[in-house]
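> Would you be able to build a 3D model of this:
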Amino acid sequence: MSHAVPKPNWPARLALAVLSLAALSLAVALAVTVGEMAIPLPVAFRALGNGLFDLGLPVSATQQGVIFDYRLSRALMAALCGGALAICGAILQALLRNPLAEPYILGVSAGASTGAVCVMILGFGGATLGLSGGAFLGSIAALAIVALLAAGAGGASDRVILAGVAGSQLFNAATATIVTTLASAEQARGVMFWLLGNFGGVRWPDLMVATPAALAGFLLCMIHAKALDAFAFGTDAAAALGVAVTRVRLVLLATTALLTATMVAIVGTVGFVGLIIPHAARFLVGPSHARLLPACLVIGGIFMVLADILSRILVPQQILPIGIVTALFGAPAFAFILYRARRPA
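So this is what the prediction gives:
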């Protein structure tokens, strides 16, 4: 008896994709209109038309600047950052087969921060290396140290998490030492605020850097979606299924390092997004990475845009660092995931 292979339900997938993009667009529209200066949505659309197509529609210069030059670029950067970090979390959880893996916990974010601070304060690399280059080298160094520590401890996935915590503390200590001993008072204030995550300084040139990196990283991960599914059964099973385990692992780890470094260099350190969003996406669309990665991109983007809105309205006349807002949601979610992942005695 032959069994028919179920065909993909393309109309349903298309409808889901349209709804997802609509939800993301709604979140961005909300971010553009909400703030200390409340701006009606029609005015925001007119400002958008003026900024993109120079339509000359009636919008005050102040509203035009706030909407197009400040809030829109900030909202789009938040969407890119949330989506990229969520994808990195999904990749690391698949490669390590550990539900607690994510760039922040594994020390990748801390390493990227140290590399960026070395460029900012110590001047390593100068204009040649740049902030993103320093963050990338720092994230690669963090991955290497965590891999060495985990290998020395036996290589099990729980040992990788412990090695990541140790590596994160090491790089955080290095960053704190550089800032407290070598930075001026003004540099120290700026760096410490930046380390907590901040979208306030994002402008269109930053998006020109982040967008190609995020899209390239997403496409590269999508190419390896089936290989990531195979990793769910372990490296031996993945190799038996024809996956080039070492090559795929190196490519995907380098991709997560690049994505994390790019976002950290522009926004600063933002934790817990890569931890909680993949679990939420997995609950909604299942474990298949062909569906999981796009879901992470959209849900992570929506989550970060909403978190950025909260950072601007929770405390009147003050903008909270985005890392504080994500931690408010991420810490309880981390405790819940840790509770569910516990092993019976």
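> Neighbours of residue 39, how many?
Residues within reach of residue 39, counting by other C-beta atoms under 10 Å, total 19. Every C-beta, even on glycine, is put in place using the N, C-alpha and C of the backbone.
> What sits closest to it if chain neighbours are left out?
Of all residues not flanking residue 39 in the chain, residue 33 sits nearest, at 5.1 Å (C-beta to C-beta, 6 or more residues apart in numbering).
> Give me the pLDDT for that neighbour.
Note on residue 33: pLDDT of 88.
> quick one: contacts for it?
Neighbouring residues of residue 33 by C-beta atoms under 8 Å, 6 or more residues apart in numbering: 39, 40, 41, 44.
> can you redo the residues you listed as JSON lines with pLDDT, distance to residue 158 and secondary structure?
Compiled in JSON lines, the contacts of residue 33 are given as follows (pLDDT from 0 to 100; distance: C-beta to C-beta, whole Å; DSSP: H, G, I helix; E, B strand; the rest coil):
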{"residue": "39", "pLDDT": "83", "distance to residue 158": "49", "secondary structure": "coil"}
{"residue": "40", "pLDDT": "84", "distance to residue 158": "52", "secondary structure": "coil"}
{"residue": "41", "pLDDT": "82", "distance to residue 158": "49", "secondary structure": "helix"}
{"residue": "44", "pLDDT": "86", "distance to residue 158": "48", "secondary structure": "helix"}
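> Can you turn the buried part of those into a ChimeraX selection?
Selection of buried members from the contacts of residue 33 for ChimeraX, criterion 16 or more other C-beta atoms under 10 Å:
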select :39,44
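> how about the helices in the stretch 1-150 of the chain?
Secondary structure of the stretch 1-150 of the chain, counting by DSSP state H, counting those that start in this stretch: helices at 10-33, 41-53, 61-64, 73-96, 108-117, 126-152.
> Which of the residues in the last one are classified as buried?
When you say that, I think you mean helix 126-152. Quick answer for helix 126-152 (16+ other C-beta under 10 Å): 129, 131-143, 145-147, 149-150.
> between it and helix 108-117, how big is the angle?
Put simply, helix 126-152 runs at 150 degrees to helix 108-117, going by axes from the mean of the first three to the mean of the last three C-alpha atoms, to 10 degrees.
> what packs against helix 126-152?
Where contact means 3 or more C-beta pairs under 8 Å, 6 or more residues apart in numbering; DSSP states H and E, helix 126-152 is packed against helix 108-117, helix 157-182, helix 245-267.
> so how far is that helix off the chain centroid?
17 Å (C-alpha atoms, centre = their mean, to the nearest Å).
> Let me see the backbone angles for residue 102.
When read as degrees, to the nearest 10, the backbone of residue 102 gives phi -170, psi 160.
> Can you name the residues that contact it?
So, once contact is read as C-beta under 8 Å, 6+ apart, residue 102 ends up touching 85, 88, 89, 92, 93, 272, 273, 274, 275, 278.
> among those, who's most crowded?
Going by other C-beta under 10 Å, residue 85 tops the contacts of residue 102 with 35 neighbours.
> Now for residue 333, how many residues are close by?
So residue 333, with other C-beta under 10 Å, has 16 neighbours.
> For the strand or helix carrying it, C-alpha coordinates in PDB please.
Using DSSP states H and E, residue 333 sits in helix 322-340. Output of helix 322-340 as PDB, limited to C-alpha atoms (Å, rounded to 0.1, in the frame of the first residue of the first chain):
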ATOM      1  CA  ILE A 322      16.100  48.100  26.500                       C
ATOM      2  CA  GLY A 323      18.000  45.400  28.400                       C
ATOM      3  CA  ILE A 324      16.100  46.200  31.600                       C
ATOM      4  CA  VAL A 325      12.700  45.700  29.900                       C
ATOM      5  CA  THR A 326      13.700  42.400  28.200                       C
ATOM      6  CA  ALA A 327      15.100  41.200  31.500                       C
ATOM      7  CA  LEU A 328      11.800  41.900  33.200                       C
ATOM      8  CA  PHE A 329      10.100  39.500  30.900                       C
ATOM      9  CA  GLY A 330      13.100  37.200  30.300                       C
ATOM     10  CA  ALA A 331      14.000  36.400  33.900                       C
ATOM     11  CA  PRO A 332      10.600  34.800  34.800                       C
ATOM     12  CA  ALA A 333      10.600  33.000  31.400                       C
ATOM     13  CA  PHE A 334      14.100  31.700  32.100                       C
ATOM     14  CA  ALA A 335      12.900  30.400  35.500                       C
ATOM     15  CA  PHE A 336       9.900  28.700  33.800                       C
ATOM     16  CA  ILE A 337      12.000  27.100  31.100                       C
ATOM     17  CA  LEU A 338      14.500  25.900  33.700                       C
ATOM     18  CA  TYR A 339      11.700  24.400  35.800                       C
ATOM     19  CA  ARG A 340      10.300  22.600  32.800                       C
END
